[in-house]
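Q: Any chance you could fold what I've pasted below:
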Amino acid sequence: MKLRTIKVALVVAALGLCSLAPMQDPAPSREESFAAALADYRAGRFEKALAAFREQLAKPADEAATNIEAELRLNASLCALRLLHSRDAEELVAPLVDEEAWEADACFVLGLASSQHGERAVVAAKLADAEPMAWAMASRAMQSAEMQFRRVVTLRPDDARAVRNLERTMRRRAEVEAERAAAQPPDAKKEDAPKPEPPKPKPDEQPTEEVVIPEVATLQLTPKELAALQQRVREQQNKKVRGRQQRSQQRAGAGERDW
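A: This is a model prediction of the structure:
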């Protein structure tokens, strides 16, 4: 009888502990988190959206959703491009380039990233203290962008978005080459720009149905965003110049000859 009473007391105590435990809201599902990140992207909250997509990428994908990682990578890369993090965007889509279902979309992102690299190099080349290879870097980046968009058009001839970006990139590349030529001294030997690599040949096979990415936002830099990109390059270059001047002053103050 005494043992039975002890058991009852233990059960009552356990029930009391359960009643004190706080009620917690269930964690959002992967679909809910994905939708929330897209909403942040469309509202211009790119940093928040990028963090959410990266968080989802860090989680193991469900076996039933084999395409979720590719969708997350593509959307995260677009957020990175909006934040002018071109290298991050390239790293995010790099694993998708060799996957047939996602190759065109990955190349599209790579083309946009190369365009950003090119615009940075153009701004840097026009500064008073420009790097010697700035114009060459701008040319290579624009050629890379053109190559990537050509690859997309080859894979998806009916993709009007890719065709428009290819045409725009070709015009921009011609402008950059003209600016580069005008910036060369009359007696300087013009460096031949490297030729873009031809697209990879695709094996003959039966045409497959195009895979459409659900809810993947498209990207086109606005004039305001392009101006922000140019301003960021100018600030970086000005910071570099100030650093050089400070080091020069320090050497002169220590008795070194400043030449």
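Q: can you give me the helices for this protein?
A: 2-20, 30-42, 46-58, 68-82, 86-93, 103-125, 134-155, 160-183, 223-253 (DSSP state H).
Q: Give me the contacts around the fifth one.
A: Going back to what we said before, that points to helix 86-93. Residues outside helix 86-93 that contact it (CB atoms under 8 Å, 6 or more residues apart in numbering): 73-74, 76-78, 80-81, 105-106, 109-110, 112-113, 116-117, 120. In this view, the C-beta of every residue, glycine as well, is placed from N, C-alpha and C.
Q: Relative to residue 96, which of those residues is nearest.
A: residue 106 (3.9 Å; CB to CB).
Q: follow-up on the earlier one: would you single out the least confident of the helices of the chain?
A: Mean pLDDT across the helices of the chain is lowest at helix 2-20; the value there is a mean of 36.
Q: How about residue 97, nearest residue that isn't a chain neighbour?
A: Closest residue in space to residue 97, ignoring its immediate chain neighbours: residue 106 at 4.8 Å, by CB to CB, 6 or more residues apart in numbering.
Q: Contacts only, for the one you found.
A: In this structure, residue 106 makes contact with 74, 93, 94, 96, 97, 99, judged by CB under 8 Å, 6+ apart.
Q: which of those residues are buried?
A: Buried members of the contacts of residue 106, counted by 16 or more other CB atoms under 10 Å: 74, 93, 96, 97.
Q: Relative to residue 133, how far out is the last one?
A: Read it as residue 97. 26 Å (CB to CB, to the nearest Å).
Q: about what we covered before: compare the contacts of helix 86-93 and tell me which has the most neighbours.
A: Of all the contacts of helix 86-93, the most densely surrounded is residue 77 (31 neighbours; neighbours counted as other CB atoms under 10 Å).
Q: mind listing what it touches?
A: Taking CB under 8 Å, 6+ apart, we find residue 77 in contact with 88, 89, 90, 92, 93, 109, 113.
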